[in-house]
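1. Below is the sequence, then the predicted model.
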Amino acid sequence: MSVLIGIDLGTTNSCVSFMENGRAVIVPNAEGGRTTPSVVAFSRNGERLVGMPAKRQAVTNASRTFSSVKREMGSDRRYNVDGKPYAPQEISAMILRKLKSDAEAYIGEPVSDAVITVPAYFSDAQRQATRDAGVIAGLNVRRIINEPTSAALAYGFDKGQPCKIMVFDLGGGTFDVSILDINRDTIEVLATAGNNHLGGDDFDQCLVGYLLDLFRREHNIDLSKDVMAMQRLTEAAEKAKIDLSAAQEAVISLPFLAQGSSGPLHLETTVTRSRFNELTSHLVSAVKGPVLQALDDAGLKASDLSRVLLVGGSTRIPAVQDAVRSLTGKEPSRDINPDECVAMGACLQGGVLTGTINSIVLIDVTPLSLGIETLGDVFAKIIDRNTPLPCQHSQVFTTAANFQTSVEINVLQGEREMASGNKSLGHFRLEGIRRALRGIPQIEVTFSIDTNGIVHVSARDLSTGSSQNITISGSGNMSREEIDRAIRDADRYAEEDRQRREARQSESRSPKSTGSSGAGDDGAYDV
């Protein structure tokens, strides 16, 4: 029987877990790490690199190395390599395929099923894109689960003590805060809020901007268009951010960063924690709104919370921890690993699905309201945010003009009163409406959201009783044909990678195999 794995597909790092003897176990990757950098690269000899091998060669191959792709899920962004465009789902699928391969090598059994986590504030298009990435990677995605909920599941499993907790999840690219009610056998999400464009990457970029300005003032040279220099600055900023979580100062030393009229130019500076806090104060302040919104939506005060759990690597930033203390009046709990607990919770949810764990009921919510655009750019809500999942709601609409035989409906997700201020998920077209004066036809539109948080839509003409099929087509997502093509490409490249790896292993056993692998490999390691 195939093993089910839980995957935290992160912006900066990803993690995979499986159930062993009734507990969630983190799977180490082929390089020995417990998390895998969410980085994909294409070497100049055509090899695909994923994880740490891709990250190691990022400086020398910056234009062909891609990271933080999670932020682009569900969008129409394309990554071009050698004239071929790759959708974010395809790049993410390469990461998922490596996680799957590492899990199979570690467990010693085939892996086909997975539970994959997403930020609680991911839209329907982003959730669909994540599911598509799993399909392309050869996985049967049994469930899409919200990251804060997954972390709470890892925390609440076998605790047996009723409490209300806040999960404060600040990762590499996204921020979520969820309020949960944990009982002996039930974990219920009361409310969730967040920001899909707030995370550790933004803290890094603040420091990168500071270093760019410092170098510009000292040498009158703008490095922002130098791809290799920007990659070095980004890596140095990330390292300094990590160092400043434990120390008051971080030294940044980047020799030969640029070439000046009199020779090579270097960057040497020391960044203090206080300066870093000044540069990123607006980012820390940005967590306040979602925290207060989640508490308000849950009908609770901070004093009602038993605990506040910190999830995501960026919660190690001292200023972030100070903000949590200030907002909640609680000392944040760090008794679960912020980098691993999301994958562990996903694995536990997989245990619930497979019957390995039968004592937990998980009730999640939809993070954003759903509705349609009506006459006058008005957003008509059909499902309100923080509605427990799964759910189904209907409303009756009518025509805006005489003798209409079809209607096109713009499906929206968001909280703005005006339709144009919300995100469009796609468009419905209902054909075959009985000809009548405006306002007479009665069209019942039904929205349902499944346990994965993915939206399904149907419509029925009440005057005739006939039903119509309505299809949502998000412009940034891949068609069925594109997904099938990507699956074929992934299988083909997996075989090529296997052959290339076997060839390298054969060469490594040969006495002629001495010296370096050559510049064409970009310092690559086998994946």
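-> Yes, it's here.
2. ok but residue 203 is inside a strand, no?
-> No. Read with DSSP: H, G, I helix; E, B strand; the rest coil, residue 203 is helix and lies in no strand.
3. Just give the closest residue to it, not the sequence neighbours.
-> residue 280 (5.1 Å; C-beta to C-beta, 6 or more residues apart in numbering). (Each C-beta comes from the backbone N, C-alpha and C, glycine too.)
4. Now do the helices in the stretch 1-150 of the chain.
-> In the stretch 1-150 of the chain, the helices defined using DSSP state H, counting those that start in this stretch lie at 52-56, 88-107, 124-136, 147-156.
5. nope, the stretch 351-500 of the chain is what I was after
-> 480-508.
6. Distance check, the closest residue to residue 354 other than its chain neighbours against residue 112.
-> Closest residue to residue 354 in three dimensions, ignoring its sequence neighbours and counting by C-beta to C-beta, 6+ apart: residue 4, at 5.6 Å. According to C-beta to C-beta, to the nearest Å, residue 4 stands 8 Å off from residue 112.
7. now residue 95
-> According to C-beta to C-beta, residue 95 and residue 112 sit 17 Å apart.
8. Equivalent analysis for residue 240, please.
-> For residue 240, the distance to residue 112 - C-beta to C-beta - is 42 Å.
9. And residue 432, by the same measure?
-> Residue 432 is 41 Å from residue 112, by C-beta to C-beta.
10. Between those two, which is the more surrounded one?
-> Comparing residue 432 with residue 112 by other C-beta atoms under 10 Å, the one with more neighbours is residue 112, at 15 against 10.
11. Quick one: residues contacting that one.
-> 2, 138-140 (C-beta atoms under 8 Å, 6 or more residues apart in numbering).
12. Now list the buried members of these.
-> Neighbour counting with 16 or more other C-beta atoms under 10 Å marks 138-139 as buried within these.
13. Can you pick out the most distant pair from the contacts of residue 112?
-> The most widely separated members of the contacts of residue 112 are 2 and 138, with 11.3 Å between them, by C-beta to C-beta.
14. Show the low-confidence segments of the stretch 51-200 of the chain, by residue range.
-> The stretch 51-200 of the chain contains residues with pLDDT under 70 at 157-160.
15. Figure out how far stretch 379-395 is from the centre of its chain.
-> 23 Å (C-alpha atoms, centre = their mean, to the nearest Å).
16. May I see the buried residues of it?
-> Neighbour-count burial for stretch 379-395 [16+ other C-beta under 10 Å]: 379, 381-387, 389, 391, 393.
17. Not counting that stretch itself, show me its contacts.
-> 188-192, 297-298, 363-374, 397, 412, 414-419, 421-422, 444-451, 453.
18. Across the sheet, point out what pairs with residue 365.
-> Note on residue 365: beta-bridge partners by DSSP bridges are residue 388.
19. how close does it get to residue 380?
-> 21 Å.
20. hmm, back to that, buried deepest among the helices of the stretch 1-150 of the chain, which one?
-> Mean neighbour count (mean count of other C-beta atoms under 10 Å) peaks for helix 147-156 among the helices of the stretch 1-150 of the chain, with a mean of 28.
21. Tell me the strands beside the next helix or strand along the chain from that helix, with direction?
-> Going down the chain from helix 147-156, the next helix or strand is strand 163-170, by DSSP states H and E. Looking at strand 163-170 with DSSP bridges, its partner strands are strand 175-182 (antiparallel), strand 307-311 (parallel).
22. Give me the distance from the first one to the chain's centre.
-> Between the mean C-alpha location of strand 175-182 and the chain-wide mean there is a distance of 17 Å, by C-alpha atoms, centre = their mean.
23. Report the angle between it and helix 147-156.
-> Orientation note: strand 175-182 sits at an angle of 40 degrees relative to helix 147-156 (axes from the mean of the first three to the mean of the last three C-alpha atoms, to 10 degrees).
24. so residue 399 touches residue 439, yeah?
-> Yes. When contacts are counted by C-beta atoms under 8 Å, residue 399 is listed as touching residue 439 (6.9 Å).
25. Which one of these two is surrounded by more residues?
-> Neighbours per residue (other C-beta under 10 Å) separate residue 399 from residue 439, with residue 399 holding more: 21 against 11.
26. number of nearby residues for the nearest residue to residue 361 once chain neighbours are set aside?
-> Leaving aside its chain neighbours, residue 361 sits nearest to residue 186 (4.7 Å; criterion: C-beta to C-beta, 6+ apart). Neighbour count of residue 186, defined by other C-beta under 10 Å: 14.
27. beta partners of residue 177?
-> Here residue 177 sits in beta bridges with residue 168, residue 193, as judged by DSSP bridges.
28. Tell me if I'm right that it and residue 167 touch.
-> Yes. Contact criterion C-beta under 8 Å: residue 177 and residue 167 qualify, at 6.9 Å.
29. Reduced to three states, what does residue 246 come out as?
-> Strictly by three-state DSSP, residue 246 counts as coil.
30. Roughly how far does it sit from residue 345?
-> 27 Å.
31. Look at these two and report which has more neighbours.
-> When neighbours are counted by other C-beta under 10 Å, residue 246 and residue 345 differ, and residue 345 comes out ahead with 34 against 10.
32. and the more buried one, what element?
-> Following DSSP H and E, the helix or strand that holds residue 345 is helix 341-354.
33. Summarise which helices and strands that helix is packed against.
-> strand 3-8, strand 13-20, strand 23-26, strand 111-118, strand 140-146, helix 147-156 (3 or more C-beta pairs under 8 Å, 6 or more residues apart in numbering; DSSP states H and E).
34. Tell me the helix or strand right after the top strand by length along the chain.
-> What stands out as the longest strand in the chain, according to DSSP state E, is strand 249-260. Following strand 249-260 in sequence order, the next helix or strand is strand 263-272 (DSSP H and E).
35. I'd assumed residue 134 was in contact with residue 97.
-> No. Residue 97 is beyond contact range of residue 134, at 9.8 Å (criterion: C-beta under 8 Å).
36. Report how many residues lie close to the residue nearest to residue 203.
-> For residue 280, the neighbour count with other C-beta under 10 Å is 22.
37. which non-adjacent residue is nearest residue 140?
-> Computed as C-beta to C-beta, 6+ apart, the closest residue to residue 140 that is not its neighbour in sequence is residue 113, at 4.8 Å.
38. same thing with residue 344?
-> residue 24 is the one closest to residue 344 (C-beta to C-beta, 6+ apart), at 3.9 Å.
39. Look up how far residue 349 lies from that neighbour.
-> Counting by C-beta to C-beta - residue 24 and residue 349 are separated by 10 Å.
40. Between the two, which is the more surrounded one?
-> residue 349 (28 against 24).
41. what's the first-to-last distance across stretch 66-80?
-> End-to-end span of stretch 66-80 (C-alpha to C-alpha, to the nearest Å): 10 Å.
42. May I see the buried residues of it?
-> 66-75, 79.
43. follow-up on the earlier one: next up, the contacts around the residue nearest to residue 140.
-> 2-5, 139-140, 142, 350, 354.
44. in the sheet, who's paired with it?
-> Beta-bridge partners, per DSSP bridges, of residue 113: residue 4, residue 140.
45. Would you mind measuring from it to residue 27?
-> From residue 113 to residue 27 the distance is 15 Å (C-beta to C-beta).
46. Looks like residue 323 contacts residue 286 (just checking).
-> No. If you go by C-beta under 8 Å, residue 323 and residue 286 don't touch, sitting 9.7 Å apart.
47. So these two - more neighbours on which side?
-> residue 323 (22 against 16).
48. Count the residues that sit near residue 352.
-> Other residues within reach of residue 352, judged by other C-beta under 10 Å, total 18.
49. Spatially nearest residue to it (excluding sequence neighbours)?
-> Nearest to residue 352 is residue 360, by C-beta to C-beta, 6+ apart, at 5.6 Å.
50. Count the neighbours of that neighbour for me.
-> That count, for residue 360 with other C-beta under 10 Å as the rule, works out to 19.
51. my guess is it contacts residue 345, does it?
-> No. Counting by C-beta under 8 Å, residue 360 does not reach residue 345; the two are 10.6 Å apart.
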